[in-house]
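Novice: sequence? don't have it. structure:
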């Protein structure tokens, strides 16, 4: 994708960010001076969703924040700009992973299956709902990992399963092992994800997956790549909210001076992981 197209798509994205009501595809296409079908395809390639889906995800980010702050579901729905509650529930399964009321209640009604395994970085926990992978975390032992999962989803039903009995969980473990050189087997396709996030967080996480193994970016560099050079702090917050260790490689973002900075799963693990990836890239 050339720089001119990138700039045009950023202009369209900013228009969506500031729109209370989603502009029609024809309106956006006129702004971009592209055909509607070309704009739809290019926007989806760049951001992983259509313009309409992006605008909806942005409003769901506002809804999620209001619910976290304790607002009533009805109040949060209308404060986020939705015309009716039915429009929220129509898309909430995909964008929140559960209904707004369930999300506010700590995952009440959700069913989570998880497993743990040993890695060179410590114990790894992978968890999934019926809709997709919801958590990938690293820790010293299973107790720490299970406590963290319970804190994140306090009202969800959680069930441990043995390795080899859950296709999605096994696929994530195999994919991580292959990508990080822990296994020579081909990495399987990534299962669907079930992680609630704002549109901006998804953009940051998508950009993280495009950083080649063995390389790093500073928060400022990543913000500039997203067309928002003043958003380094927001990029840092998006990295800090990542719940998918190693799948979304936020460990590849470092401070402006090149030092590792923090990592929610431990700075020593981050140093070890970066060193390992650099050795693999050199080979």
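Specialist: Sure, I can see it. Owing to the predicted nature of the structure, the values given are computational and were not obtained by experimental measurement.
Novice: okay, and for the protein, where does confidence drop off?
Specialist: The model of the chain has pLDDT under 70 over residues 1-3, 20, 47-49, 54, 56-109, 163-165.
Novice: which strand in it runs the most residues?
Specialist: Counting by DSSP state E, the longest strand found in the chain is strand 111-119.
Novice: and that strand, what does it pack onto?
Specialist: strand 122-128, strand 133-139, helix 142-152, strand 157-160, helix 167-179 (3 or more CB pairs under 8 Å, 6 or more residues apart in numbering; DSSP states H and E). For every residue, glycine as well, the C-beta is placed using N, CA and C.
Novice: Can you list the strands that that strand pairs with?
Specialist: Looking at strand 111-119 with DSSP bridges, its partner strands are strand 122-128 (antiparallel), strand 157-160 (parallel).
Novice: Please list the outside residues in contact with the shortest one.
Specialist: The set of residues that contact strand 157-160 without belonging to it, under CB atoms under 8 Å, 6 or more residues apart in numbering, is 110-116, 127, 146, 149-150.
Novice: Equivalent analysis for stretch 217-226, please.
Specialist: 203-204, 207-208, 211, 229-236, 239, 252-256, 258.
Novice: now for the helices and strands packed on strand 111-119, which one comes closest to residue 16?
Specialist: strand 133-139 (26.7 Å; CB to CB).
Novice: out of the contacts of strand 157-160, which is most surrounded?
Specialist: Using other CB atoms under 10 Å as the neighbour criterion, residue 127 leads the contacts of strand 157-160 with 29 neighbours.
Novice: Show me which of the contacts of strand 157-160 is closest to residue 190.
Specialist: Comparing the contacts of strand 157-160 against residue 190 with CB to CB places residue 127 closest, at 14.9 Å.
Novice: Next up, the contacts around the closest residue to that closest one other than its chain neighbours.
Specialist: Nearest non-adjacent residue to residue 127, counting by CB to CB, 6 or more residues apart in numbering: residue 114, 3.7 Å away. By CB under 8 Å, 6+ apart, the contact set of residue 114 is 125-128, 135, 146, 149, 158-161, 169.
Novice: Can you add distance to residue 221 and give those residues back as JSON lines?
Specialist: Listed next are the contacts of residue 114 as JSON lines, based on distance: CB to CB, whole Å:
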{"residue": "125", "distance to residue 221": "31"}
{"residue": "126", "distance to residue 221": "30"}
{"residue": "127", "distance to residue 221": "32"}
{"residue": "128", "distance to residue 221": "33"}
{"residue": "135", "distance to residue 221": "28"}
{"residue": "146", "distance to residue 221": "36"}
{"residue": "149", "distance to residue 221": "33"}
{"residue": "158", "distance to residue 221": "38"}
{"residue": "159", "distance to residue 221": "41"}
{"residue": "160", "distance to residue 221": "40"}
{"residue": "161", "distance to residue 221": "40"}
{"residue": "169", "distance to residue 221": "34"}
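Novice: Which among these count as buried?
Specialist: 125-128, 135, 146, 149, 158, 169 (16 or more other CB atoms under 10 Å).
Novice: Touching, residue 28 and residue 14? I think so.
Specialist: No: at 11.2 Å, residue 28 does not count as touching residue 14 under the criterion of CB atoms under 8 Å.
Novice: higher neighbour count, the two?
Specialist: residue 28 (24 against 12).
Novice: dump the residue contacts of that one.
Specialist: Here residue 28 is in contact with 12, 15-16, 36, 39, 51 (CB under 8 Å, 6+ apart).
Novice: Distance of it relative to residue 15?
Specialist: According to CB to CB, to the nearest Å, residue 28 and residue 15 sit 7 Å apart.
Novice: just residue 135 next, same as before
Specialist: Taking CB to CB, one finds residue 135 at 34 Å from residue 15.
Novice: before we move on, what about residue 250?
Specialist: 28 Å.
Novice: of these two, who's got more company?
Specialist: residue 250 (25 against 16).
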